[in-house]
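Asks: Mind looking at a prediction? Sequence and model below.
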Amino acid sequence: MPKFQNTESKNIELTAENVNVYYGSTLAVKGVNLDIHSHEITAFIGPSGCGKSTMLRCFNRLNDLIPDAKVEGNITFRGQNLYEKKVDPVQVRRHIGMVFQKPNPFAKSIYDNIAFAARVNGFRGKDMDDLVENALRQAALWDEVKDKLKSNGLSLSGGQQQRLCIARAIAIQPEVILMDEPCSALDPISTLSIEQLLLNLKDKYTIIIVTHNMQQASRVSDRTAFFNARATEKGKQGYLVEYSDTKTLFQSPVEEATQQYVTGAFG
Ligand SMILES: Nc1ncnc2c1ncn2[C@@H]1O[C@H](COP(=O)(O)OP(=O)(O)OP(=O)(O)O)[C@@H](O)[C@H]1O
C-alpha cells in the first residue's frame, strides 16, 4: 500500500483528470477535470442529477461499492492514483472520510460511536478517552454531550447527530472529509452551526461539500464547481461547466449557464 505523501504540489490535495463515470452502459458524468486545494472548502453545486454525488464518491472510491458503477480517468491523491491496483480502497477511505446527507450514527453510545470507528480503523492507542473528547471537541459537540457519553447516539437531535457523524469521521484522522449535502436534513439553526464548524475544520482538513443551497456554498466555500446535465438518448449526462473561486463563480461567472443557475433562473 503506498503512503499518501504530499510529494506533488503543496496546495493540491486531489486531482480529477478526464473522469468519466458509468452506471452500467450509461455515461452519467463525462470528462471532469478538477483540482481540489488543501485546507480549503470546495463546493459542488448544480441541478439534480448532474453528477455531484457521483463525482464526490470518486474521491474515496465509494462508487466501487455500487454494482455496475465504473470510473475512468485518473483520480490522484497527493500524487498517488487512487485507482491503481496496489491501492486498497479501505485505506483510501481512512484518508478520505465521508459524511452523508442523513445523519447515520451507529445505534451505540455517543462514546462508542467514536471509539468503535477509531478501533475498526486501526486505532491502537491507549487513550481512547482523549481521542473521543478530542473528536467531539473538534466537532463542536463536546460541551453538549460530555455528561451523557453513555447515551445512545440516536437520542441526539438531528444537528447533534450530524456533528457526531463528523466527530466519527474526524476520529479516523483523515486528511480530507467529503460531505454529501450534510445539512439538507437539518433545521436552519443546526445548519448554521455545521457551517461554522466547517469553517473551523478547514485549518486541519480539506473539505468537499455537495450542496443544493447556493447561499451555503457562497457562505462556506473557497472554490465552487458548477455541474450541469445535458439530455442524451440514455438519460442525463453530467459535466463540469465551470470551476473557480467562489466569489468569481457567483459574481462574474464566465458561462451563461452558471450565471442563470446562481441567479436562480433555472434549476
Ligand atoms: N447507484 C446508481 N445507479 C444507477 N444510476 C445512478 C446511481 N446513482 C446515481 N445515478 C445516476 O447518475 C446521475 C447522477 O446522479 P447523482 O446522484 O450523482 O447526481 P446529483 O447531482 O448528486 O443529484 P442530486 O442533487 O439529486 O443528489 C443521475 O442520472 C442518477 O440517476
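Replies: All right, it came through fine.

Asks: Would you mind naming what in the protein lies close to the ligand?
Replies: Proximity of the chain to the ligand (C-beta under 6 Å from any ligand atom) is limited to residues 23, 28, 46, 48-54, 66, 235-236, 238. (Glycine included, C-beta is placed from N, CA and C.)

Asks: Check these and tell me the two furthest apart.
Replies: 46 and 66 (19.9 Å; C-beta to C-beta).

Asks: Would you map the strands across the stretch 101-250 of the chain?
Replies: 176-180, 206-210, 223-232, 235-245 (DSSP state E, counting those that start in this stretch).

Asks: Next, format those as TSV and append distance to residue 186 and mean neighbour count.
Replies: Listed next are the strands of the stretch 101-250 of the chain as TSV, based on distance: least, C-beta to C-beta, whole Å; neighbours: other C-beta atoms under 10 Å:
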stretch	distance to residue 186	mean neighbour count
strand 176-180	12	24
strand 206-210	13	25
strand 223-232	21	20
strand 235-245	26	18
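
Asks: With mean pLDDT added, can I get those in a markdown table?
Replies: Output for these, formatted as a markdown table (pLDDT from 0 to 100):
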| stretch | mean pLDDT |
| --- | --- |
| strand 176-180 | 97 |
| strand 206-210 | 98 |
| strand 223-232 | 96 |
| strand 235-245 | 95 |
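
Asks: Just send those back as CSV, with distance to residue 101 too.
Replies: CSV is the format used below for the strands of the stretch 101-250 of the chain (distance: least, C-beta to C-beta, whole Å):
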stretch, distance to residue 101
strand 176-180, 5
strand 206-210, 9
strand 223-232, 17
strand 235-245, 18
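
Asks: picking up where we left off before, and which of the residues of the chain next to the ligand is nearest residue 202?
Replies: residue 52 (19.6 Å).

Asks: check contacts around that closest one.
Replies: Counting by C-beta atoms under 8 Å, 6 or more residues apart in numbering, residue 52 makes contact with 44, 45, 46, 210, 227, 238.

Asks: what's the closest of those residues to residue 110?
Replies: Set against residue 110, the nearest of those by C-beta to C-beta is residue 210 (26.4 Å).
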